[in-house]
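Engineer: Provided below are the primary sequence and the corresponding predicted coordinates.
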Amino acid sequence: MKKDVFNEHYLTHPEMLYKEIIEYSVETIVIHADYEILYINEAGTKIMRGTKEEIIGSCLLDRYRKESKPLIKERIQKSMVENVPGELMEEKMYTLDGTLMDIELYCLPVQYGNKRALQTTIRDISTRKEIERHHKREINKVSAPIVPVYDGISVLPLVGSIDSGRAKQLLETIPKEMQKQNVHWLIIDFSGIYNFDKFVTAYLLKIKSVLELLGVRTIITGIKPEFAQLAVHLGINISSIHSMANVKQALQSLGIGKVE
C-alpha cells in the first residue's frame, strides 16, 4: 500500500520527482532563466563554495570571466531560441570565494514552473586540466632541449608546432636555463618549425630581447621565407636579428670549425 501511495504521489506531481532526482545528483545542476539562477542542487553548492541562499537569485554571468561572457550569452540565446541542447564545452568559472576553476558544461532547455529555462550541468575538471598542463609542460621541455655544444655556447633546436602557450613557456624558461648554464651565445634553430602566427612571432622576438638584457647573444638559424614575410607584414624590423642559414654556419662564425 505504501508503495502504491508513493507511486501515485509522483505520478500526480512529476515535478517533485524531477526535483528530487536532480537535488541528489552527484553532478552540479543549475537552472537559470534570463541569466538569473533559479535553482542549484546540493552538489552545486559544494563546487561553488557557497549556500543556496547566496547563489539562487544571483546572476549566472557573474561567475564567468569577462572575456567569456559574450560566448556564454551566445550559447544561452541559441539554446533558448532554437530549443535545442547546447554543445558540450569547456570553460572557466569563478566560485563564490573567487577561485577560478576549469569546468565542463552542458545546457538543456527545460520548463521550470511557469518559466522556460536552461538546465546546465557543470563538472569540475580542474584536476584533469592541471594534469594535462603538466604533461604539456614536460613534453615541451623534451621537445625544446637546450644543447651545450661548447663552453658558453648552446643550441636550442625548435621542433614541431609552436602555439601561443608554448611560445609563452619558452619565454619563461629559456632565460632561466641560460643563467643556469652560464651561456653567452645561444643559437636558436627554427628549421624544424612548421607554423607561425603573429602571437608566436612576437613571443619569439621577445625571447631574443630578454636574452640580450641578460648578456646572452643570439643567432637565429633556419628561418623560412614565410617567417620573414610575416615579420615584415607585422612591421617588425628583422634587420637587427643576427641570422644565418643553418647551425653549422652559426658555429663556424663563432670560431668552431667542426662539431663532433
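Structural biologist: Alright, I've got the coordinates.
Engineer: got any ranges where this structure has weak pLDDT?
Structural biologist: 1-18, 135-144, 196-199, 234, 236-240, 257-260 (pLDDT under 70).
Engineer: Sheet partners, orientation included, of the biggest strand by length in it?
Structural biologist: Scanning the chain for the longest strand, with DSSP state E as the assignment, gives strand 100-112. Using DSSP bridges, strand 100-112 pairs in its sheet with strand 89-94 (antiparallel), strand 115-124 (antiparallel).
Engineer: what ranges do the helices span in the stretch 151-260 of the chain?
Structural biologist: Under the criterion DSSP state H, counting those that start in this stretch, the stretch 151-260 of the chain contains helices at 164-181, 198-213, 225-233, 247-253.
Engineer: Arg217: what's it in contact with?
Structural biologist: His184, Trp185, Leu186, Leu211, His242 (C-beta atoms under 8 Å, 6 or more residues apart in numbering). All C-beta spots, glycine's among them, are computed from the backbone N, C-alpha and C.
Engineer: who wins for most neighbours among the residues you listed?
Structural biologist: Ranked by neighbour count (other C-beta atoms under 10 Å), the contacts of Arg217 have Leu186 at the top, with 23 neighbours.
Engineer: picking that back up, as CSV, the contacts of Arg217 with distance to Met178 would be great.
Structural biologist: CSV is the format used below for those (distance: C-beta to C-beta, whole Å):
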residue, distance to Met178
His184, 9
Trp185, 10
Leu186, 6
Leu211, 6
His242, 16
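Engineer: Nearest to Ala33 among the residues you listed?
Structural biologist: Closest approach between those and Ala33, by C-beta to C-beta: Leu211, at 54.3 Å.
Engineer: Tabulate the strands paired with strand 100-112 in a markdown table, adding columns for distance to Tyr64 and mean neighbour count.
Structural biologist: Listed next are these as a markdown table, based on distance: least, C-beta to C-beta, whole Å; neighbours: other C-beta atoms under 10 Å:
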| stretch | distance to Tyr64 | mean neighbour count |
| --- | --- | --- |
| strand 89-94 | 6 | 16 |
| strand 115-124 | 11 | 19 |
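Engineer: out of those, nearest to Leu156?
Structural biologist: strand 89-94 (31.9 Å).
Engineer: which residues are in contact with the closest one?
Structural biologist: Residues contacting strand 89-94 (C-beta under 8 Å, 6+ apart): 62-65, 68, 72, 75, 100-106, 122, 125.
Engineer: which of those residues are buried?
Structural biologist: Burial by neighbour count, 16 or more other C-beta atoms under 10 Å: within the contacts of strand 89-94 this picks out Arg63, Tyr64, Ile72, Arg75, Met101, Asp102, Ile103, Leu105, Ile122, Ile125.
Engineer: before we move on, back to that, and the strands paired with strand 100-112: which comes nearest Met80?
Structural biologist: So among the strands paired with strand 100-112, strand 115-124 is nearest, using C-beta to C-beta, at 6.7 Å.
Engineer: check which helix or strand covers Tyr74.
Structural biologist: For residue 74 the amino acid is Glu, not Tyr. helix 69-82 (DSSP states H and E).
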